[in-house]
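Asker: Predicted model follows, preceded by the sequence.
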Amino acid sequence: MAGSPQPGEEPSLPFGFGHLELNDLVRMLQASGPVNWEIAAQVATHLATDGATEPPVDTATATQLEELARAAQTHVVAETGLAATFTTPVRTFGRRGWAELHLEALRPVLEALAVTLGGASGGGGGDPMLADYLLHAGERSHGLDELAGRYLNYKVTPIDDLIGKGKKQLCMDQVPTDKVAAYSGEDADVAFRLHALLEPQLAPCGLAGLYAELEIPLVEVLAELEFNGIRLDVELLGSLSVDM
């Protein structure tokens, strides 16, 4: 939630416009509630296959892979003296099957991650930008960088420092991992500090109920709308434009 755009701003996609499926996965995991595994499987297989139809692994290739696997194990046994444990046929997968297998294996980890991103407080989590909006509705900006300067006297690293601007702008996956890690850690730390600072101020102003019962639950609704998309009745809109 810390990276949510302000009104009139372009939405920030953490993995760049070239990796929309990863952004969908981020949004899916950030939503509170159980992970939609059907969508997760679609995202994983689409990423693995680049959206292309994948033919099944042919018998000749499967046999060759099995022979290579057995030869590799024989070599390991000879070099290490470890007992051979290769007792079952080699399972061959295309990219789709590989993605589905590992998604299922990672299910417990992703479910735990989804719960954490949904909020460790047992509900929908919190959003310091929303808290500040309720406390100071007249302010022009409630972005994380603005709040960090106002309340923490801290200047966050501009995203432009990582990805640049204009025609030479990079996607996030082109930025060195250590720089992305530092940027993400800073973003999370600032949001956490602001959350602890601003939320306690809501109750004395009579805004805790509005925040917890309307604003925070609405974040999930809006995220779901963004994720699923909105269907427009073009014919109706056309008639309205004529009438108006």
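Answerer: That came through, no problem.
Asker: Let me see the contact set for residue 151.
Answerer: By CB atoms under 8 Å, 6 or more residues apart in numbering, residue 151 lies in contact with 194, 197, 198. Backbone N, C-alpha and C define where each C-beta goes, glycine included.
Asker: please redo it, this time with the cut-off set to 7 Å
Answerer: 194, 197 (CB atoms under 7 Å, 6 or more residues apart in numbering).
Asker: what is the mean pLDDT for the helix or strand it falls within?
Answerer: Per DSSP states H and E: residue 151 is located in helix 144-152. Average pLDDT, helix 144-152: 93.
Asker: how about the CA coordinates for that helix, as CSV?
Answerer: The C-alpha coordinates for helix 144-152 follow below in CSV (Å, rounded to 0.1, in the frame of the first residue of the first chain):
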residue,chain,number,x,y,z
LEU,A,144,5.2,8.4,1.2
ASP,A,145,8.1,10.7,0.2
GLU,A,146,6.2,13.8,1.4
LEU,A,147,5.2,12.1,4.7
ALA,A,148,8.8,10.9,5.3
GLY,A,149,10.1,14.5,5.0
ARG,A,150,7.3,16.0,7.1
TYR,A,151,7.2,13.6,10.0
LEU,A,152,10.6,11.8,10.0
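Asker: If you count neighbours, what's buried in it?
Answerer: For helix 144-152, the neighbour count (16 or more other CB atoms under 10 Å) marks 144, 145, 146, 147, 148 as buried.
Asker: One more: stretch 202-218?
Answerer: Per 16+ other CB under 10 Å, stretch 202-218 contains these buried residues: 202, 207, 208, 211, 212, 215, 216.
Asker: re earlier: closest one to residue 59 out of the buried residues of helix 144-152, please.
Answerer: Nearest to residue 59 out of the buried residues of helix 144-152 is residue 144 (CB to CB; 55.2 Å).
Asker: Report pLDDT for the residue nearest to residue 82 when sequence neighbours are not counted.
Answerer: Nearest non-adjacent residue to residue 82, counting by CB to CB, 6 or more residues apart in numbering: residue 76, 6.8 Å away. What the model reports as pLDDT for residue 76 is 78.
Asker: Tell me which helix or strand in the chain has the weakest average pLDDT.
Answerer: helix 20-30 (a mean of 51; mean pLDDT, DSSP states H and E).
Asker: Make JSON lines from the buried residues of helix 144-152 and add distance to residue 161 to it.
Answerer: As requested, the buried residues of helix 144-152 are exported to JSON lines (distance: CB to CB, whole Å):
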{"residue": "144", "distance to residue 161": "15"}
{"residue": "145", "distance to residue 161": "12"}
{"residue": "146", "distance to residue 161": "17"}
{"residue": "147", "distance to residue 161": "19"}
{"residue": "148", "distance to residue 161": "15"}
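Asker: ok, how many other residues are close to residue 104?
Answerer: Residue 104: 13 surrounding residues under other CB atoms under 10 Å.
Asker: Now do whichever strand or helix holds it: which elements does it pack against?
Answerer: According to DSSP H and E, residue 104 maps onto helix 95-105. Packing partners of helix 95-105 (3 or more CB pairs under 7 Å, 6 or more residues apart in numbering; DSSP states H and E): helix 37-49.
Asker: Closest one to residue 105 out of the buried residues of helix 144-152, please.
Answerer: residue 144 (34.6 Å).
Asker: Format the CA atom coordinates belonging to the helix holding residue 104 as CSV.
Answerer: Taking C-alpha atoms only, helix 95-105 is exported to CSV below (Å, rounded to 0.1, in the frame of the first residue of the first chain):
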residue,chain,number,x,y,z
ARG,A,95,8.0,-25.1,-18.7
ARG,A,96,4.3,-25.2,-17.8
GLY,A,97,4.6,-28.4,-15.8
TRP,A,98,7.7,-27.1,-14.1
ALA,A,99,6.0,-23.9,-13.0
GLU,A,100,2.9,-25.7,-11.8
LEU,A,101,5.0,-28.2,-9.8
HIS,A,102,7.0,-25.5,-8.0
LEU,A,103,4.0,-23.3,-7.4
GLU,A,104,2.4,-26.2,-5.5
ALA,A,105,5.6,-26.8,-3.6
